[in-house]
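[1] Let me see the structure of the following:
(one chain, ligands or ions: 1)
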Amino acid sequence: MAKVKVATAWLDCCSGCHMSFLDLDEALIDLADVMELTATPITDIKEFSSVDIGIIEGSVSNPHDEEVAKDLRANCKILMVLGDCACFGGINSMRNLFTKEEVLRRYYIETESTKNGKIPSSEDIPPLLEQVKPVNQVVKVDCYVPGCPPSSKAIHYALTELLEGRIPVLPSEMMRFD
Ligand code: SF4
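    Next up is the predicted model:
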């Protein structure tokens with residue numbers, strides 16, 4: 001039987017959700033029998049091709065994040081968002097209390113330890129969006145695995161449900177890290 005193809009992306013994030021995925025340890029070997037990882041930060045394949053399941057970690061904080069989310073959505077049948085940043089904006093959305101200019105000025109110029117600070121500017125650095133957004137404000141999302149990060153147990157449950165053709169709804173005991 002053909003393996004289920006899976007692609008993952010990380011947007012504005014700390015990569016902790018992908019680390020929690022890798023914490024599946026030996027369960028990854030069993031999953032590898034039925035699932036093939038294509039483009040992900042883990043394989044370092046960067047171009048999305050058509051897959052069954054797309055998984056996004058991280059919030060949408062700049063135009064590049066928006067492009068990646070739309071690209072993966074266009075290439076997957078089911079899109080799952082992983083972690084509080086992707087589900088709700090998470091810790092990144094704390095900056096939504098301030099203007100973009102205030103955040104950049106505070107970070108690069110006004111912090112007590114900064115001398116001769118300067119806000120970086122380069123065509124290689126995508127500009128911040130005015131507001132940090134959860135993924136579902138940019139593309140349609142089919143299922144949610146909250147947590148910061150979600151436990152590997154929760155990720156395993158969600159993936160197993162998807163691989164068996166069901167949309168996962170996490171039991172409440174899997175909503176916290178243990
Ligand atoms: S949800 Fe938590 S662990 Fe996951 S990317 Fe955001 S800050 Fe990191």
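[2] which residue sits closest to the residue nearest the centre of the chain, ignoring its sequence neighbours?
    For the chain, the residue nearest the mean C-alpha position is Glu57 (0.9 Å; CA atoms, centre = their mean). Nearest in space to Glu57, with sequence neighbours left out and distances taken as CB to CB, 6 or more residues apart in numbering, is Cys17 at 4.0 Å. C-beta coordinates here come from the backbone N, C-alpha and C atoms, glycine included.
[3] near the ligand, which residues of this structure?
    Proximity of the chain to the ligand (CB under 6 Å from any ligand atom) is limited to residues 13-14, 16-17, 57-58, 83-85, 90-91, 148-149.
[4] Rebuild those as JSON lines, extending it with pLDDT.
    Shown next, in JSON lines, are those (pLDDT from 0 to 100):
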{"residue": "Cys13", "pLDDT": "96"}
{"residue": "Cys14", "pLDDT": "97"}
{"residue": "Gly16", "pLDDT": "97"}
{"residue": "Cys17", "pLDDT": "97"}
{"residue": "Glu57", "pLDDT": "98"}
{"residue": "Gly58", "pLDDT": "98"}
{"residue": "Gly83", "pLDDT": "97"}
{"residue": "Asp84", "pLDDT": "97"}
{"residue": "Cys85", "pLDDT": "98"}
{"residue": "Gly90", "pLDDT": "97"}
{"residue": "Ile91", "pLDDT": "96"}
{"residue": "Cys148", "pLDDT": "95"}
{"residue": "Pro149", "pLDDT": "96"}
